[in-house]
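Q: Only the shape, not the letters, is given here:
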């Protein structure tokens with residue numbers, strides 16, 4: 001009777017409630033079937049991904065045409081941006097719900113690095129970008145369209161608000177990282193800093209020496225032990241490191257060190273004399289315990305502020321020196337080249353060295369140059385002609401793609417014959433152009449074929465190796 005009263009109280013008859021219960025059961029059965037179907041698809045996708053990893057994807061890529069490969073890559077890039085934006089939305093919602101706390105993480109940053117396995121910089125960029133998009137939703141569309149990168153959003157987040165978005169965003173679209181850093185700096189100017197020189201010590205692996213012994217360096221060496229470790233920067237469970245430093249009294253700026261991981265789960269309780277040798281020196285067991293020898297070298301950190309014109313000159317110098325340093329040029333090498341050049345031409349020692357060299361040369365300028373061909377009959381391009389080509393082309397690579405895109409690179413520039421010298425090309429200005437090394441090689445492969453140029457570069461590398469051996 002109580003059941004009938006309940007049915008009447010809810011306003012439904014018994015038959016209606018039974019029908020609704022059956023419908024609920026059918027919906028449960030349907031959802032269970034959908035879950036089973038999704039699981040089967042996931043397992044099939046997993047098998048497909050394993051097949052791709054085994055080389056199927058590589059074979060499929062090689063079957064694509066050049067245009068098809070670029071088209072598929074552009075499609076994937078668009079999907080990547082879409083997934084990237086979705087991840088930022090997820091991170092924002094996860095932070096709003098504070099779901100990282102029940103899982104044992106004190107912050108969203110710790111969750112991203114510990115649970116999602118992002119690196120520390122990658123996690124910080126994504127968290128900052130997610131907060132920026134939550135604050136200024138218009139940024140999401142710019143990321144999705146590719147007009148703003150994730151790094152750019154993380155940078156402008158420092159100054160971007162709803163009020164100034166219309167002013168800042170147009171100046172950030174399509175800009176390089178350095179341009180955006182300059183934009184942020186203009187809105188948050190700092191103070192002028194004084195020049196600063198700070199001594200620092202750095203570690204690098206010691207070069208192995210023949211006949212090295214396990215004893216410390218001579219000359220009244222003394223041993224000092226210090227623990228090197230930054231626990232905050234290391235993941236949990238990482239072994240601590242102990243460094244046994246041996247300073248040489250005559251070195252001044254260098255010292256030898258042995259680094260070994262300190263195992264917290266070590267079971268040996270041997271006395272210190274057995275671990276460090278009978279004389280208490282850590283070097284006595286360096287080879288037995290597998291210690292890594294490093295050199296502690298004293299260097300200096302230079303900090304000073306420069307104007308925009310200075311940086312333009314620095315970039316110009318890097319461009320001019322890029323052929324001598326094709327893998328890149330750091331500031332230390334750049335300044336060393338400039339300082340050496342100035343000392344060679346302007347210091348008394350450098351001028352005396354040049355005078356001595358000229359005196360030793362004597363009458364070398366009067367030496368007969370018999371058998372030398374004229375410039376037009378030699379592969380060598382006169383320096384004056386090279387300078388005019390460089391100035392005419394603006395110090396940039398002149399290669400243009402079929403759709404009109406110019407390379408414009410300023411690095412590793414080479415003077416190229418439009419009509420190759422081997423096919424009768426001359427050193428006339430109309431037959432010369434600036435190309436970067438990569439596009440110069442591309443043009444050579446177009447004219448002579450990839451296999452020929454591969455053999456040519458192999459012979460050239462062998463010649464250089466033999467000459468330097």
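A: The structure has been received and is ready for your questions. All of these numbers come straight from a predicted model, not from anything done at the bench. Numbers count the residues shown, from 1 in each chain.
Q: what about the strands in the chain?
A: Under the criterion DSSP state E, the chain carries strands at the ranges 196-205, 222-228, 240-247, 254-262, 292-303, 413-417, 432-436.
Q: mean pLDDT lowest for which of those strands?
A: Of all these, mean pLDDT reaches its minimum on strand 222-228 (a mean of 38).
Q: how is the chain carved up into domains?
A: 2-58, 78-187, 201-208+219-228+239-263+273-305, 308-359, 379-468 (automatic domain parsing).
Q: ends of the second one, how far apart?
A: Taking CA to CA, to the nearest Å, the first and last residues of domain 78-187 lie 32 Å apart.
Q: Check stretch 149-168 too.
A: 15 Å.
Q: for it, what is the average pLDDT?
A: Computed over stretch 149-168, the average pLDDT equals 93.
Q: contacts for it?
A: Residues from elsewhere that reach stretch 149-168, judged by CB atoms under 8 Å, 6 or more residues apart in numbering: 84, 124-126, 128-129, 131-133, 135-136, 138-139, 142-143, 169, 172, 175, 177, 180-181, 183-184, 187-188. Yep, even glycine has a C-beta here, placed from its N, CA and C like the rest.
Q: Please indicate which of those residues are buried?
A: 125-126, 128-129, 131-133, 136, 139, 142-143, 169, 172, 175, 180, 183-184 (16 or more other CB atoms under 10 Å).
Q: which ones among those are found in helices?
A: Using DSSP state H, the members of those that fall in helices are 125-126, 128-129, 131-133, 139, 142-143, 169, 172, 180, 183-184.
Q: Specify which member of those is nearest to residue 393.
A: Nearest to residue 393 out of those is residue 180 (CB to CB; 29.3 Å).
Q: Show me the shaky parts of the protein.
A: The chain contains residues with pLDDT under 70 at 1-55, 208-292, 362-377, 460-469.
Q: one more time with 80
A: 1-58, 206-292, 347-352, 354-355, 357-379, 456-469 (pLDDT under 80).
Q: how near is the closest residue to residue 317 other than its chain neighbours to residue 308?
A: Leaving aside its sequence neighbours, residue 317 sits nearest to residue 334 (CB to CB, 6 or more residues apart in numbering; 6.4 Å). Distance, residue 334 to residue 308, using CB to CB, to the nearest Å: 18 Å.
Q: Comparing those two, which residue is more hemmed in?
A: residue 334 (15 against 7; other CB atoms under 10 Å).
Q: Hmm, that one is touching residue 321, no?
A: Yes: taking CB atoms under 8 Å as the definition, residue 334 is a contact partner of residue 321 at 7.2 Å.
Q: measure residue 60 to residue 70 for me?
A: Residue 60 is 15 Å from residue 70, where distance means CB to CB.
Q: burial count for residue 206?
A: Neighbour count of residue 206, defined by other CB under 10 Å: 16.
Q: what pairs with the residue lying closest to it once chain neighbours are set aside across the strands?
A: Excluding the flanking residues, the one nearest residue 206 by CB to CB, 6+ apart is residue 293, at 4.1 Å. Residue 293 forms beta bridges with residue 258, as assigned by DSSP bridges.
Q: Residue 293 and residue 125, how far apart?
A: Separation of residue 293 from residue 125 (CB to CB): 37 Å.
Q: Then residue 115?
A: Distance, residue 115 to residue 125, using CB to CB: 17 Å.
Q: Repeat that for residue 60.
A: Residue 60 is 32 Å from residue 125, by CB to CB.
Q: and what of residue 145?
A: 19 Å.
Q: cool, residue 391 as well?
A: Separation of residue 391 from residue 125 (CB to CB): 41 Å.
Q: try residue 329
A: As judged by CB to CB, residue 329 and residue 125 stand 28 Å apart.
Q: for residue 195, same thing?
A: For residue 195, the distance to residue 125 - CB to CB - is 32 Å.
Q: can you check residue 304 too?
A: Residue 304 sits 29 Å away from residue 125, going by CB to CB.
Q: quick one: contacts of stretch 300-309?
A: 192, 193, 195, 196, 197, 198, 199, 200.
Q: With neighbour count and distance to residue 338 added, can I get these in TSV?
A: Compiled in TSV, the contacts of stretch 300-309 are given as follows (neighbours: other CB atoms under 10 Å; distance: CB to CB, whole Å):
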residue	neighbour count	distance to residue 338
192	6	24
193	9	23
195	8	17
196	9	20
197	9	18
198	9	22
199	9	23
200	9	23
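Q: Tell me the one of those residues nearest residue 77?
A: Proximity of the contacts of stretch 300-309 to residue 77 (CB to CB) peaks at residue 193, which lies at 40.2 Å.
Q: Give me the spatial nearest neighbour of that closest one, chain neighbours excluded.
A: residue 305 (5.6 Å).
Q: Check residue 199 too.
A: residue 300 (5.6 Å).
Q: how near is the one you found to residue 416?
A: From residue 300 to residue 416 the distance is 42 Å (CB to CB).
Q: Surely residue 412 is in contact with residue 323?
A: Yes: the criterion here is CB under 8 Å, and residue 412 meets it with residue 323 at 5.8 Å.
Q: The two - which one has more neighbours?
A: Each of residue 412 and residue 323 has its neighbours counted (other CB under 10 Å); residue 412 has more, 19 against 12.
Q: The closest residue to the more buried one other than its chain neighbours: neighbour count?
A: Leaving aside its chain neighbours, residue 412 sits nearest to residue 437 (4.0 Å; criterion: CB to CB, 6+ apart). Residue 437 sits with 16 neighbouring residues when counted by other CB under 10 Å.
Q: Next: residue 295.
A: Counted with other CB under 10 Å, residue 295 comes out at 15.
Q: So it sits against residue 201, correct?
A: No: the criterion here is CB under 8 Å, and residue 295 misses it with residue 201 at 10.2 Å.
Q: returning to what we had before: need the overlap of contacts for residue 412 and residue 323.
A: Both residue 412 and residue 323 are in contact with residue 437, where contact means CB under 8 Å, 6+ apart.
Q: Could I get the contacts of stretch 300-309 in CSV, plus columns for distance to residue 354?
A: Shown next, in CSV, are these (distance: CB to CB, whole Å):
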residue, distance to residue 354
192, 40
193, 39
195, 32
196, 36
197, 31
198, 36
199, 34
200, 36
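Q: from these, which is closest to residue 344?
A: Each of the contacts of stretch 300-309 was checked against residue 344 using CB to CB; the closest is residue 197, at 24.3 Å.
Q: Show me the beta-bridge partners of that closest one.
A: Counting by DSSP bridges, residue 197 forms beta bridges with residue 302.
Q: dump the residue contacts of residue 111.
A: For residue 111, the residues meeting the contact criterion (CB under 8 Å, 6+ apart) are 94, 100, 103, 105.
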